[in-house]
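Asks: Just a sequence and a predicted model for now, questions to come.
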Amino acid sequence: MSHLIVNTALKIIDSHAANLLIAQLPVVNSSNSRLYFEDNNAILWVTSKELAVSLKNNYINIVSLLCDWGIRELKIFWNGSGNRYFPISSLLASTSEGLAVMLDKNSVVLEKNPINSAINSNQENSSSIDISGFELPSTYLKNASYEIIQQFMLEMRRRGYIVTATDMTSNTCLMVNDLQAPDRGCGWRGRDWIGLNFLMLWRDSFDTGNFNYYQQLINVVSRDYFISDFDYLLRAPNGDLRRYYSHYFFVDNYLDVPARICVSKPGNWEVVESFN
């Protein structure tokens, strides 16, 4: 009898906690969603795929909430999704406070206010991005699970690199970590890029007479799943034409879309043509 009382009490507590969490989530409410807890995860069911996609696109606001609640992952199912779901992991936390829970708190890259990057630093450009431990990058991320992709991103971040994920189909920015330095991003922080159509940054590649860096990237990374030390030009938000150096990886499925993962050193860039 005592076990029954305890179990009933726990269910009531979980029900109240679920309602509280739903109230804090964007887009959804108690009339179009249901939520319950399973181990360290939260399972959310919503009435339509449109709602699920909207939640997925708001993940930058959700990850800090997951950290506050101590939830490892939010799994978003929708009516008719079957076993398919959109995962949002607390490991995506773009703030140092959230990442400190997941990573080594003594790591030198866990700075609350990262300093500006060094423009065209010879030391930065003289050495390649360290991907030791991932000696076969063309196959390591091919058909990789969400968990493996997340582990890779976190390891790259731990080594001090900017990590960006972009939808290969729509060119929408899906994620930028917190190591995006203000000067590199023209004052934009990591979260400011989320949802931006990156194709606008590649627009010089499509001008007559210019080398098409964008098409070269898409062709090579789609074919080989990896391109190292890619040297390319982008038009920055302030109008400057800038040169960047990055590793690119192709993954078949990240947040339910094919994506390219960009890994860059914060100081590996230079102004080629100033807009001012």
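Replies: Perfect, I can see it now. None of these values were measured; they are calculated from a predicted model.
Asks: Let me know the pLDDT of the closest residue to Ala52 other than its chain neighbours.
Replies: Closest residue to Ala52 apart from its sequence neighbours, by Cβ to Cβ, 6 or more residues apart in numbering: Trp78 at 4.2 Å. To be clear about C-beta, it is placed using only N, CA and C from the backbone, and glycine gets the same treatment. pLDDT for Trp78: 90.
Asks: just checking, Trp78 touches Ser54?
Replies: No - contact criterion Cβ atoms under 8 Å: Trp78 and Ser54 do not qualify, at 10.6 Å.
Asks: So for those two, which residue has more residues nearby?
Replies: Trp78 (21 against 15; other Cβ atoms under 10 Å).
Asks: Spit out the contact partners of that one.
Replies: Counting by Cβ atoms under 8 Å, 6 or more residues apart in numbering, Trp78 touches 45-49, 51-52.
Asks: Of those, keep whichever come out buried.
Replies: Among the contacts of Trp78, those scoring as buried are 45-46, 49, 51-52 (criterion: 16 or more other Cβ atoms under 10 Å).
Asks: coming back round to it: widest-spaced pair of the contacts of Trp78?
Replies: Largest separation among the contacts of Trp78 by Cβ to Cβ: Trp45 and Lys49, giving 11.8 Å.
Asks: Same question for the spatially most central residue of the chain, what's its three-state structure.
Replies: Closest to where the C-alpha atoms of the chain average out (Cα atoms, centre = their mean) is Met175, at 2.9 Å. At Met175 the chain is in strand, as set by DSSP: H, G, I helix; E, B strand; the rest coil.
Asks: May I have the beta-bridge partners of it?
Replies: Met175 has these beta-bridge partners by DSSP bridges: Ala165.
Asks: I'd assumed Leu196 was in contact with it.
Replies: No - using Cβ under 8 Å, Met175 makes no contact with Leu196, being 11.6 Å away.
Asks: Which positions in stretch 190-199 come out as buried?
Replies: So stretch 190-199, judged by 16+ other Cβ under 10 Å, has buried residues 190-194, 196, 198.
Asks: Name the helix or strand of the chain that has the lowest mean pLDDT.
Replies: helix 96-102 (a mean of 35; mean pLDDT, DSSP states H and E).
Asks: Go through stretch 166-180 and flag the buried ones.
Replies: 166-168, 171-180.
Asks: Make TSV from those residues and add distance to Cys262 and pLDDT to it.
Replies: Formatted as TSV, the buried residues of stretch 166-180 follow (distance: Cβ to Cβ, whole Å; pLDDT from 0 to 100):
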residue	distance to Cys262	pLDDT
Thr166	7	95
Asp167	12	93
Met168	12	93
Asn171	12	91
Thr172	14	90
Cys173	10	90
Leu174	11	89
Met175	10	88
Val176	9	89
Asn177	11	88
Asp178	15	85
Leu179	12	88
Gln180	11	83
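Asks: Val257: which of those residues is nearest?
Replies: Distances from Val257 to the buried residues of stretch 166-180, taken by Cβ to Cβ, are shortest for Asp167, at 4.8 Å.
Asks: pretty sure the closest one is touching Leu174, no?
Replies: Yes - assessed by Cβ under 8 Å, Asp167 is found in contact with Leu174 at 5.9 Å.
Asks: Overlap in contacts, these two.
Replies: Joint contacts of Asp167 and Leu174 (Cβ under 8 Å, 6+ apart) are 257, 259.
Asks: returning to that earlier point: how far away is the residue nearest to Ala52 from Leu179?
Replies: Distance from Trp78 to Leu179, counting by Cβ to Cβ, to the nearest Å: 33 Å.
Asks: For the stretch 51-200 of the chain, which segments count as strands?
Replies: 73-78, 86-89, 162-167, 173-176 (DSSP state E, counting those that start in this stretch).
Asks: Now render those strands as TSV, adding distance to Ile129.
Replies: Output for the strands of the stretch 51-200 of the chain, formatted as TSV (distance: least, Cβ to Cβ, whole Å):
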stretch	distance to Ile129
strand 73-78	28
strand 86-89	23
strand 162-167	10
strand 173-176	16
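Asks: Out of the ones you listed, flag the one nearest Leu65.
Replies: strand 73-78 (8.7 Å).
Asks: circling back to that earlier point, now the buried residues of stretch 166-180 as a markdown table including distance to Pro258?
Replies: As requested, the buried residues of stretch 166-180 are exported to a markdown table (distance: Cβ to Cβ, whole Å):
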| residue | distance to Pro258 |
| --- | --- |
| Thr166 | 10 |
| Asp167 | 8 |
| Met168 | 4 |
| Asn171 | 12 |
| Thr172 | 12 |
| Cys173 | 15 |
| Leu174 | 11 |
| Met175 | 14 |
| Val176 | 18 |
| Asn177 | 20 |
| Asp178 | 25 |
| Leu179 | 24 |
| Gln180 | 23 |
